[in-house]
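*Asks:* Next come a sequence and a model predicted from it.
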Amino acid sequence: MQTSLRKMGNSVGMIVPKAVLQEIGLSVGAPMDVRVEDGKVVATPVRKVREGWAEDAERVAAAGLTEEEAEWMAFGNDDDGDLTW
């Protein structure tokens, strides 16, 4: 998909099609990190710390625990207070 660059004051803006914004879950005003990699402009959405953790936890819980994960959950941590970090 092609787009164009437009002058905006002393800067230049790139027109991002609505379909692209919808696909990555962004809207007008969303913060973006912009950098150059191998001669390409790469724009990445800036996510808040822990954003999406609740949804990820629900997805993991719905998938159930593997046998190994269940063993780790049963592993006690009563002696952790004696550890020096």
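*Replies:* Arrived safely, thanks for sending.

*Asks:* can you pull out the strands in the chain?
*Replies:* Counting by DSSP state E, one finds strands in the chain at the ranges 5-8, 11-14, 32-37, 40-45.

*Asks:* which one of the ones you listed lies closest to residue 70?
*Replies:* Closest approach to residue 70 among those is made by strand 40-45 (34.7 Å; Cβ to Cβ). To be clear about C-beta, it is placed using only N, CA and C from the backbone, and glycine gets the same treatment.

*Asks:* Off-centre distance for that closest one?
*Replies:* 13 Å (Cα atoms, centre = their mean, to the nearest Å).

*Asks:* next one: stretch 41-58
*Replies:* 3 Å.

*Asks:* gap between the two ends of it?
*Replies:* From its first residue to its last, stretch 41-58 covers 34 Å (Cα to Cα, to the nearest Å).

*Asks:* Could you do stretch 39-52 as well?
*Replies:* Span of stretch 39-52 from end to end, Cα to Cα: 31 Å.

*Asks:* what residue lies at the spatial centre of the protein?
*Replies:* Per Cα atoms, centre = their mean, the C-alpha nearest to the average position across the chain is that of residue 47, at 5.4 Å.

*Asks:* Lovely, talk soon.
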